[in-house]
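# build me a structure from this.
(2 chains)
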Amino acid sequence: MMDALLVLIPVVLPLVTAALLLPLTGRARLQQAASLVSGGVLLANAMLLCARTASGAILVLPLGNWSPRVGIVWVADALAATMLFFVALVSYTTLLYAAGSLRGRERRYYYPLHQFLLVGVGGSLLTGDLFNLFVFFEIMLLASFALIALGGRARQIRMGVPYVIVNLVGSALFLVAVGAMYGTAGTVNMAELSVRAAGAGLPDVFWGAAALLLVVFMVKTALFPVFAWLPDSYPEAPVTVNGLFAGLLTKVGVYTLFRTVPLLAGAAPGVLQPALVAVAAATMLVGVLGALGRSTIRGVLSFHIVSQVGYMIFGLALFTPLALAAGLFHTIHNMLAKTALIFAGGIAERIGGSGKLYAVRGLARTQPWLAAGFFVAAMSLAGMPPLSGFWGKWFLVAGGLAAGAPVATGISLLVGLFTLASMLKIWNAVFWGEPEGQRYASRGQHRGMLGATLALAAMTVATGLLAAPIFSRLERVATQLLDVTPYVAAVRAAESRDVHAEAP
Amino acid sequence: MITLAAILAGVLVACGLYLLLSRNLQRMAIGFLLLSNGVNLLVLTAAGLPARAAPPLLGEGASGSPFADPLAQAFILTAIVIGLGMAAFLVALSTRFHEVSGRDDVEGDDGT
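Next comes the predicted model:
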């Protein structure tokens, strides 16, 4: 019973909260307070779930008492629990930031949409079958569509349209792949699919569908060559939304890749491995070069998301526990550091009244705390010790060399240098030099905005200092991911068990 | 029957994609509707269309005759609802864009 609650809360609680927030439209303070309470419960729940799954236990909840082959199952293992914890953390700090950052029209509907987005993210992390993954992706997308066009300005809508259309086509392809897999394998449950994929005798259509699924997840994750929807649309969204998306959305794509690729292809990666390594290397390189070419603060930071996603997928592509754990560590690091950077950039944008580089200068002198928050997160992203980004890269380089991928590892180090260059570009333009163009200096003093930024920056420091225990936990997660037998066994065991007998 | 359904799904998807490539938001909305219906039909077809199959509403005792796959139908029912939501969003988006810009076509990148 307790376990069932733990698995249900990450999806049901945001849904209930969203429904309760809708009648409160126009009362932003009350909405924020309610969201924070709900977010706190979510965070506590995620911690309990992490503790419950730490020993390798896998919680399985078959809904409606159907067999997992045809019914809906929710599965919480160590990976899902870890991701849920960091999702809840980023979501909570975003709620703190939102009060000062949202303006006028945006404030009316932000909080319910934030909760709907969490429903989609939580469901995507916990679902055990591909069709429900599709459903929760759609919930997440619909909320994100509304969030990205929240301001309702013409330019915002125009730049958001490619995001909407690319993701809609991606979802259509997702459904095609799920349909074809169901038609050929007779199930869409991931554990059952894994068993069938490991055995011989599946027709080529099944593997075509699996390849299509991989492409769909690549689109959602913004990997090379299907990333172009991201860099134009994200910077146009309100800062709060930009930070939330940077922390959550592409990372859910990363999660689905970490979840499905070992399950479907873990036994014999074959040609998939070099292909994924090449995609990851190209993503890293193109993302960082694109970021260097942008001329607004959040433009640089948003394009940079693409580059960082490449690192995470590089870890996955090597198929060793060490590299997989490194990829996961990088994911966690990035959720915290990138959101902190976008939040800091957003405050700078408010002070200067413009997001263009060099529009506002010398913030290090007038806003030392803001500058400190940005600096810590930027150095973390660039991989300076002892911050979290350094350990992410360190483990990844170790994993890459151990797995025999020296070229891609070299590229990842080179990209690190470019990352430093693009962070320094923002630092020089916005924070260094004589104070200039700080037209609305008082706007930088909002406690919630500054607090959220500094909290995230402090968390990247903490993640860096606690790298050893976190990484050893992630190594266990990675081992569990690569060895799919316990996962499959746990889901299949749910079939023979009566749900009502779960209560102690 | 399967061939016919597959061809129809292909035509719907092709028309949908063609319209989605347009810069006019209303054409995109129609394109999305065609695309999602084509995909739904494809899922139904992929699950098999047994000839003279009964609808999956039979009681316990009525075995023997083939019946249509209820799970595929449940998938599509869900997908139709989601498609409706997405289409509603696209229409709302095009209305709002027309309100604020007086136009219906989203021009490409303006260079910034």
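# for the host helix or strand of A:Met159, name the packing helices and strands.
In this assignment (DSSP states H and E), A:Met159 forms part of helix A:154-185. Packed against helix A:154-185, as judged by 3 or more C-beta pairs under 8 Å, 6 or more residues apart in numbering or on different chains; DSSP states H and E, are the following elements: helix A:130-148, helix A:190-198, helix A:204-221, helix A:229-233, helix B:2-20, helix B:25-46, helix B:70-101. Backbone N, C-alpha and C define where each C-beta goes, glycine included.
# count of residues packed around the closest residue to chain B within the stretch 1-150 of chain A?
Proximity of the stretch 1-150 of chain A to chain B (C-beta to the nearest C-beta) peaks at A:Glu138, 4.7 Å away. Counted with other C-beta atoms under 10 Å in any protein chain shown, residues neighbouring A:Glu138 total 23.
# go on, B:Met1?
Neighbouring residues of B:Met1 were enumerated by other C-beta under 10 Å; the total is 9.
# ok, for it, nearest residue in space, not its chain neighbours?
Counting by C-beta to C-beta, 6 or more residues apart in numbering or on different chains, the nearest residue to B:Met1 once its immediate chain neighbours are dropped is B:Leu49, at 5.2 Å.
# now the one you found. Its backbone dihedrals?
B:Leu49 adopts backbone torsions of phi -120, psi 80, taken as degrees, to the nearest 10.
# if we can go back for a sec, which one of the helices and strands packed on helix A:154-185 lies closest to A:Val309?
Distance to A:Val309, taken as C-beta to C-beta, is lowest for helix A:204-221 among the helices and strands packed on helix A:154-185, at 5.6 Å.
# what about that closest one, average pLDDT?
Predicted confidence along helix A:204-221 averages 92 (mean pLDDT).
# still on that earlier bit, can you lay out the helices and strands packed on helix A:154-185 as TSV showing distance to A:Ile342?
Output for the helices and strands packed on helix A:154-185, formatted as TSV (distance: least, C-beta to C-beta, whole Å):
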stretch	distance to A:Ile342
helix A:130-148	14
helix A:190-198	32
helix A:204-221	18
helix A:229-233	13
helix B:2-20	30
helix B:25-46	28
helix B:70-101	24
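# now for the nearest residue to B:Gln26 once chain neighbours are set aside, how many residues are close by?
Excluding the flanking residues, the one nearest B:Gln26 by C-beta to C-beta, 6+ apart is B:Ser94, at 5.4 Å. B:Ser94 has 21 neighbours, counted by other C-beta under 10 Å.
# nearest residue to A:Met181 in space, please, no chain neighbours.
The shortest distance from A:Met181 to any non-neighbouring residue, by C-beta to C-beta, 6+ apart, is to A:Ala209 (4.7 Å).
# quick one, what contacts the one you found?
Going by C-beta atoms under 8 Å, 6 or more residues apart in numbering or on different chains, A:Ala209 touches A:Val176, A:Ala177, A:Val178, A:Ala180, A:Met181, A:Thr184.
# switch to 6 Å and redo it
If you count contacts by C-beta atoms under 6 Å, 6 or more residues apart in numbering or on different chains, A:Ala209 has them with A:Ala177, A:Ala180, A:Met181.
# likewise for A:Gln308?
Going by C-beta under 6 Å, 6+ apart, A:Gln308 touches A:Asn334.
# secondary structure element holding it?
Using DSSP H and E, A:Gln308 maps to helix A:297-317.
# try A:Leu322
helix A:321-352.
# next secondary structure after that helix?
With DSSP H and E, the next secondary element past helix A:321-352 is helix A:363-366.
# quick one: contacts of that next one?
A:Ala348, A:Ala371, A:Val430, A:Phe431, A:Pro435.
# show me what counts as buried in it.
The neighbour-count criterion (16 or more other C-beta atoms under 10 Å in any protein chain shown) identifies A:Leu363, A:Ala364 as the buried residues of helix A:363-366.
# tell me the angle the next helix or strand along the chain from it makes with helix A:321-352.
Past helix A:363-366, further along toward the C-terminus, the next helix or strand under DSSP H and E is helix A:368-382. Relative orientation of helix A:368-382 with respect to helix A:321-352: 150 degrees, computed using axes from the mean of the first three to the mean of the last three C-alpha atoms, to 10 degrees.
# give the buried residues for helix A:368-382.
Of the residues in helix A:368-382, those scored as buried under the neighbour-count criterion (16+ other C-beta under 10 Å) are A:369-382.
# from those, which is closest to B:Ala14?
Within the set of those, A:Leu381 lies nearest B:Ala14; the separation is 43.2 Å, counting by C-beta to C-beta.
# how much space separates the closest one from A:His304?
In this structure, A:Leu381 and A:His304 are separated by 8 Å, where distance is defined by C-beta to C-beta, to the nearest Å.
# next one: A:Ala80
Spatial separation of A:Ala80 from A:His304 under the definition C-beta to C-beta is 27 Å.
# cool, A:Ser67 as well?
With distances defined as C-beta to C-beta, the gap from A:Ser67 to A:His304 amounts to 45 Å.
# so which of the two has more stuff around it?
Relative neighbour count places A:His304 above the other of A:Ser67 and A:His304, with 28 against 15, counting by other C-beta under 10 Å.
# isn't the more buried one up against A:Gly293?
No: counting by C-beta atoms under 6 Å, A:His304 sits too far from A:Gly293 to count as a contact (11.5 Å).
# show me the shaky parts of the chain.
Since no chain was named, I'll use chain A. For chain A, the stretches with pLDDT under 70 are A:1, A:266-267, A:495-504.
# if you could check chain B rather than the one you did, that'd help
Low-confidence segments of chain B, defined by pLDDT under 70: B:58-65, B:107-112.
# give me the residue at the spatial middle of the chain.
Since you didn't name a chain, this refers to chain A. Nearest residue to the geometric centre of chain A (C-alpha atoms, centre = their mean): A:Lys251, 2.1 Å.
# um, chain B though
B:Ser36 (1.8 Å).
# for that one, give its distance to A:Ala268.
B:Ser36 is 35 Å from A:Ala268, by C-beta to C-beta.
# grab the nearest non-local neighbour of the most far-flung residue of chain A relative to its centre.
Among the C-alpha atoms of chain A, the one most distant from their mean position (C-alpha atoms, centre = their mean) is that of A:Glu434, at 36.7 Å. Across the structure, with C-beta to C-beta, 6+ apart as the measure, the residue nearest A:Glu434 apart from its sequence neighbours is A:Gly362 (5.1 Å).
# count the residues that sit near that neighbour.
The local packing count at A:Gly362 equals 17, with neighbours defined by other C-beta under 10 Å.
# quick check, it in contact with A:Pro435.
Yes: in terms of C-beta under 6 Å, A:Gly362 counts as a neighbour of A:Pro435; the distance is 3.5 Å.
# what residues does chain B have near chain A?
B:20, B:32, B:35, B:39, B:42-43, B:46-47, B:71, B:75, B:79, B:82, B:85, B:89, B:96-97, B:100-101, B:106 (C-beta under 6 Å from any C-beta of the partner chain).
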